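**Student:** could you look at this predicted model? Sequence included:
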Amino acid sequence: MNNLRLRALLGAGCFSLALVASAHAGGLERGGYNIDLLFDPAPVVGELSGTYVMPDRKLKNVVDTQTGNGSPGGGNLNGRPNSADETEGYFVPRIGFKASIGQQIDCMADYSQPWGAHTKPGSNWAGANSNIETKINSDNYAATCSYKFDAGKGQLRFIGGVFYQEVDGFKERLVQDTSIFPFPINTLSGVGRLDLAGHGVGWRIGTAYEIPEIAFRASLVYNSAVDLGDITGTLDLSQVPGQPSTPIPVFGNQSMPQSVELKLQSGIAPGWLAFGSVKWVDWSQLGIVSFCSTAIKAAGLSCAYGGPGFATSLDLLYRDGWTVSGGIGHKFNEQWSGGATLTWDRGTTTGLSSLTDTWTVAAGASYTPTKNVEVRFGGAVGILTSGSVGAENDPQGHPHGTDASYTFGNDLVTALSASVKVKW
């Protein structure tokens, strides 16, 4: 197996792994972190890629479990449909540029969207007091470099980098069913909306060992948590009877999770490559994210669930995520190579969301019309496993998820991906 074939297979393997990793993993993961471009042997290379993911989670047997008209409550919604389509499709872009500096240093700059979520069951279902629409967006700007040197039969590489991250989003839910009230109160929607935004800086460190002659690479990379500081936002209850007519400024505190990923790959026969990865993400740090009125900041008070100035919360109660993937790649000729993977992602839900285990199969192909251009495309199909949502207590004993309960079966998730890489 010559070096040219090995390097083409490296690209096919990395493509498949990136495709599967972005196909609806647990927590708030979208594209996650990916520095595979750093290992490209070309002196200068740029890459543009995108993945469109189509989850099809259907909620069933929905029951409004808080039917009072006060707080908690918001009205009896059990006359509304007891099923809903929860998820929305989404697009995950990535842009990267890598350059070699001499024989030992490689540096990469990239833009990605590592985190995100979009659920939109709407207002016409029995669980509208739990969620009408929730959307989280992220933007990540990173710079990563490595230093490599000869060690034994191959090369040892040390990796380090920093990244700046912006996160924003909103949640809407029905606070009060106003249809039971007389005019003009019944002209209000009864919907409350929380808007939020935060930003922070993280860092990464890692190492890798490569033997190019047999396409062997083992890498271990740690990505730090990103402290978003004071997440700022507003709570708009102007459409809820008896609530303030102007948005209430609020703040909260949260970090995006740290992660560790181990990747392995090696040539196993002429024209064949095996690869796999294991990733841990610290999603358990996203528990109950509280938001409080900014008025308490002047008094030097911090925001705590149920404490002074408490306004609302995002109830997540995630557990840590694990993703295990394995696959195989093959070079068919000088222009075509391909790969296929099987991935298991452990669900992060502890009973407050539909983020259960996911099994995904993906396949991709790489076409190289010239030595300077590579085009990749592929698809994935997976199963979102069944489960249920209902009341759960946080570690402090506070109940959450008491507004609605529902179940869901084994649902489908699909994804399409394409990328273009140009080398100089």
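**Tutor:** Now that the structure is in, tell me what you want to look at.
**Student:** the bottom helix or strand of the chain by mean pLDDT?
**Tutor:** Sorting the helices and strands of the chain by mean pLDDT, DSSP states H and E puts helix 3-21 at the bottom, at a mean of 49.
**Student:** and the residue lying closest to residue 294 once chain neighbours are set aside, what are its bridge partners?
**Tutor:** The shortest distance from residue 294 to any residue other than its chain neighbours is 4.4 Å, reached at residue 249 (C-beta to C-beta, 6 or more residues apart in numbering). C-beta: built from backbone N, CA, C; applies to glycine. Residue 249 forms beta bridges with residue 234, as assigned by DSSP bridges.
**Student:** for residue 279, same thing?
**Tutor:** Residues in beta-bridge contact with residue 279 (DSSP bridges): residue 261, residue 323.
**Student:** from residue 97, how far out is it?
**Tutor:** Separation of residue 279 from residue 97 (C-beta to C-beta, to the nearest Å): 24 Å.
**Student:** what do you get for residue 88?
**Tutor:** From residue 88 to residue 97 the distance is 31 Å (C-beta to C-beta).
**Student:** for residue 329, same thing?
**Tutor:** In terms of C-beta to C-beta, residue 329 sits 24 Å off from residue 97.
**Student:** more neighbours: these two, which one.
**Tutor:** Counted by other C-beta atoms under 10 Å, residue 329 and residue 97 do not tie: residue 329 has more neighbours, with 29 against 16.
**Student:** surely the more buried one is in a strand?
**Tutor:** Yes - membership of residue 329 in a strand is supported by DSSP: H, G, I helix; E, B strand; the rest coil.
**Student:** assign a three-state SS to the closest residue to it other than its chain neighbours, would you?
**Tutor:** Of all residues not flanking residue 329 in the chain, residue 339 sits nearest, at 3.7 Å (C-beta to C-beta, 6+ apart). Classification of residue 339 by three-state DSSP places it in strand.
**Student:** name the helices or strands packed onto the strand or helix carrying residue 381?
**Tutor:** Element membership of residue 381, judged by DSSP states H and E, is strand 373-384. When contacts are defined as 3 or more C-beta pairs under 8 Å, 6 or more residues apart in numbering; DSSP states H and E, strand 373-384 packs onto helix 3-21, strand 44-56, strand 358-370, strand 411-423.
**Student:** next helix or strand past the second one?
**Tutor:** Stepping forward along the backbone from strand 44-56, the first helix or strand reached (DSSP H and E) is strand 58-64.
**Student:** what angle do that following strand and strand 411-423 make?
**Tutor:** Relative orientation of strand 58-64 versus strand 411-423 (axes from the mean of the first three to the mean of the last three C-alpha atoms, to 10 degrees): 130 degrees.
**Student:** direction included, what does strand 58-64 pair against?
**Tutor:** strand 84-85 (antiparallel), strand 404-408 (antiparallel).
**Student:** tell me which of these sits most buried.
**Tutor:** For the strands paired with strand 58-64, the largest average neighbour count (mean count of other C-beta atoms under 10 Å) is found in strand 404-408, namely a mean of 21.
**Student:** dump that one to CSV, restricted to CA.
**Tutor:** Written as CSV, here are the backbone C-alpha positions of strand 404-408 (Å, rounded to 0.1, in the frame of the first residue of the first chain):
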residue,chain,number,x,y,z
ALA,A,404,-46.5,17.2,31.2
SER,A,405,-45.8,13.5,30.6
TYR,A,406,-45.5,11.6,27.4
THR,A,407,-43.9,8.6,25.7
PHE,A,408,-42.1,8.0,22.4
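**Student:** report the rounded mean pLDDT for that strand.
**Tutor:** For strand 404-408, mean pLDDT rounds to 97.
**Student:** contacting residues around it?
**Tutor:** 57-66, 82, 86, 126-127, 129-130, 354, 384, 386-391 (C-beta atoms under 8 Å, 6 or more residues apart in numbering).
**Student:** gap between that strand and the chain center?
**Tutor:** 23 Å (C-alpha atoms, centre = their mean, to the nearest Å).
**Student:** what separates residue 408 from residue 85, distance-wise?
**Tutor:** From residue 408 to residue 85 the distance is 11 Å (C-beta to C-beta).
**Student:** same deal with residue 184?
**Tutor:** From residue 184 to residue 85 the distance is 33 Å (C-beta to C-beta).
**Student:** ok, and for the strand or helix carrying residue 149, which residues are buried?
**Tutor:** Assigned by DSSP H and E, residue 149 belongs to strand 133-151. If you call a residue buried by 16 or more other C-beta atoms under 10 Å, then strand 133-151 has these buried ones: 133-138, 140, 142, 144-146, 148.
**Student:** what of stretch 244-264?
**Tutor:** Here stretch 244-264 shows 248, 250-259, 261, 263 as buried, counting by 16+ other C-beta under 10 Å.
**Student:** how far away from the center of its chain is it?
**Tutor:** Mean-position distance between stretch 244-264 and its chain equals 12 Å (C-alpha atoms, centre = their mean).
**Student:** quick one: terminal-to-terminal distance for it?
**Tutor:** 56 Å (C-alpha to C-alpha, to the nearest Å).
**Student:** give me the mean pLDDT for that stretch.
**Tutor:** On average, stretch 244-264 scores 96.
**Student:** quick revisit: among the contacts of strand 404-408, the buried ones, what's the ChimeraX command?
**Tutor:** The command below creates a ChimeraX selection of those among the contacts of strand 404-408 that count as buried (16+ other C-beta under 10 Å):
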select :57,58,59,62,64,65,66,82,86,126,127,129,130,354,384,387,389
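**Student:** in a helix, residue 296, correct?
**Tutor:** Yes - Residue 296: assigned to a helix according to three-state DSSP.
**Student:** what's the nearest residue to it if we skip its chain neighbours?
**Tutor:** Closest residue to residue 296 apart from its sequence neighbours, by C-beta to C-beta, 6+ apart: residue 309 at 3.7 Å.
**Student:** contacts only, for the one you found.
**Tutor:** So residue 309 contacts 292-293, 295-296, 301, 303 (C-beta under 8 Å, 6+ apart).
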